[in-house]
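Undergrad: return a 3D structure for these sequence lines:
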Amino acid sequence: METLIRLSDFELVQRFLGGNKASLEVLINRHRKKVYTYIYLVVKDQHLAEDIFQDTFIKVINSLKDGRYRDNGKFISWVIRIAHNLMIDYFRKEKQLKTVSNDSYETDIFNSRKFADKTIEDDLVQSQIIKDIRKLLQELPEDQKEVVILRHYCGLSFKEIADQTNVSINTALGRMRYALINLRRMIREKNLNLSIK
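TA: Residues are numbered from 1 along each chain as shown. Here you go, the predicted structure:
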């Protein structure tokens, strides 16, 4: 398993197609956090996010087996595209134009081990900042919110975001620019302090 971890996504896909099931597990674990975070930030429901995450990787497996994946060094973009399409399908079926919202879940995906050495006060402030940012994100237009999520929570490049959202790179950059302008304006208007110290 340790040698598999060192392999590229392409090599892991090839091993999986050759019958090595452990390579798929490595692929899923490698991209689990990005894919789940993207789904959760859009649907804002833990159980629904878990279902769509699972459906995403079932579709990934089936698509790989059917030979419908062409490697171009963008495995994670391809997986996020599948998740994106599954979320669109879900909301079409539910006939909802907007995502459901509930901030009262026990697990907060924004909590991170890197904050473990901070004081309780720092943790409370950090938690409040994350809640404030999450609320501000929900007030952005959908196209701007999507770019922020894909860039900052999924770590995609602007070229990958452009491919993902079927727009030009300039449009993706423009959406990010307007999102940041809108976020700064909302922070000023709401007089929020988003710093720890």
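
Undergrad: flag the shaky bits of this structure, pLDDT-wise.
TA: Residue ranges of the chain with pLDDT under 70: 1-2, 73, 95-126, 194-197.

Undergrad: swap in 50 and give it another go.
TA: Applying pLDDT under 50 to the chain flags the ranges 96-116.

Undergrad: what lies in contact with the longest helix along the chain?
TA: Using DSSP state H to define each element, the chain has its longest helix at helix 21-43. Helix 21-43 is contacted from outside by 1, 4-5, 7, 9, 12-13, 15-16, 46, 49-50, 52-53, 56-57, 61, 75-76, 79-80, 83-84, 87, 90, 99-100, 109, 137, 146, 149-150, 153-155, using C-beta atoms under 8 Å, 6 or more residues apart in numbering. The way it works is simple: take the backbone N, C-alpha and C, and place the C-beta from them, glycine included.

Undergrad: at 6 Å what do you get?
TA: Helix 21-43 has contacts (C-beta atoms under 6 Å, 6 or more residues apart in numbering) with 1, 4-5, 12, 15-16, 49, 52-53, 57, 76, 79-80, 83, 87, 99, 109, 149, 153-154.

Undergrad: how about stretch 155-165?
TA: Ser77, Arg81, Val147, Leu150, Ser168, Ile169, Ala172, Leu173.

Undergrad: buried stuff in that stretch?
TA: Leu156, Phe158, Glu160, Ile161, Ala162, Asp163, Gln164, Thr165 (16 or more other C-beta atoms under 10 Å).

Undergrad: any chance of JSON lines for those, columns distance to Glu94 and secondary structure?
TA: Below are those laid out as JSON lines (distance: C-beta to C-beta, whole Å; DSSP: H, G, I helix; E, B strand; the rest coil):
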{"residue": "Leu156", "distance to Glu94": "26", "secondary structure": "coil"}
{"residue": "Phe158", "distance to Glu94": "31", "secondary structure": "helix"}
{"residue": "Glu160", "distance to Glu94": "28", "secondary structure": "helix"}
{"residue": "Ile161", "distance to Glu94": "26", "secondary structure": "helix"}
{"residue": "Ala162", "distance to Glu94": "28", "secondary structure": "helix"}
{"residue": "Asp163", "distance to Glu94": "27", "secondary structure": "helix"}
{"residue": "Gln164", "distance to Glu94": "22", "secondary structure": "helix"}
{"residue": "Thr165", "distance to Glu94": "22", "secondary structure": "helix"}
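
Undergrad: run the chain-centre distance for the longest helix of the chain.
TA: Centroid separation for helix 21-43 versus its chain: 9 Å, with C-alpha atoms, centre = their mean, to the nearest Å.

Undergrad: separation between the most centrally placed residue in the chain and Ile52?
TA: In the chain, the centroid-proximal residue (C-alpha atoms, centre = their mean) is Tyr38; its distance is 1.8 Å. Plainly put, Tyr38 is 10 Å away from Ile52 if you go by C-beta to C-beta, to the nearest Å.
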